[in-house]
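Enquirer: need the 3D shape of this:
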Amino acid sequence: MSEQDKFDYWANVEVMGHRRFAGKVTEQVIAGCGFVRIDVPQVDDRMAFTKLIGTASIYAITPCSETVAMQLARQYRERPVEIYSPSVQPVLDYHDDEY
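Expert: Okay, the predicted model is just below:
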């Protein structure tokens, strides 16, 4: 692959946090910074999604066939967004006359 060729392969991508994504992998520049773009395909009941990952957090990219990428995406069971909701603290009702 020459420097002018763009990376455009089905691949397995391993990132920090022991997370793995499989899908169509390309490069994308946002605000002058390079990212690896992974278009994870729809598998079973999980919809397709795109994940942009900074290059510094990637351990390995292993190109593979589309068939293998689909099997890996099904196995990894990654979701497009992880939702975090801290427990809600009760709001105390303070009155000015108590001070």
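Enquirer: where are the low-confidence patches of the protein?
Expert: 1-4, 82-85, 87-99 (pLDDT under 70).
Enquirer: what are the ranges of the helices in the chain?
Expert: Listed in chain order, the helices of the chain (DSSP state H) span residues 66-76.
Enquirer: scan it for its longest strand.
Expert: In the chain, taking DSSP state E as the definition, the longest strand is strand 19-30.
Enquirer: that one: partners in the sheet, and parallel or antiparallel?
Expert: Strand 19-30 has the following sheet partners, assigned by DSSP bridges: strand 8-15 (antiparallel), strand 33-40 (antiparallel).
Enquirer: can I assume Val29 is in contact with Phe35?
Expert: Yes. Val29 lies in contact with Phe35 (CB atoms under 8 Å); the separation is 7.3 Å. Every residue, glycine included, has its C-beta placed from N, CA and C.
Enquirer: between these two, which one's more packed in?
Expert: Taking neighbours as other CB atoms under 10 Å, Val29 and Phe35 compare with Phe35 leading, 15 against 9.
Enquirer: okay, now the closest residue to that one other than its chain neighbours: neighbour count?
Expert: Spatial nearest neighbour of Phe35, chain neighbours left out: Leu52 (4.4 Å); criterion: CB to CB, 6 or more residues apart in numbering. Burial of Leu52 is recorded as 11 neighbouring residues (other CB under 10 Å).
Enquirer: do you know how far Leu52 is from Gln71?
Expert: 23 Å (CB to CB, to the nearest Å).
Enquirer: what sits against the closest residue to Gln28 other than its chain neighbours?
Expert: Using CB to CB, 6+ apart and skipping the chain neighbours, the partner closest in space to Gln28 is Arg37 (4.3 Å). Neighbouring residues of Arg37 by CB atoms under 8 Å, 6 or more residues apart in numbering: Val25, Thr26, Glu27, Gln28, Thr50, Lys51, Leu52.
Enquirer: partner residues bridging Arg37?
Expert: Per DSSP bridges, the residues bridged to Arg37 are Thr26, Leu52.
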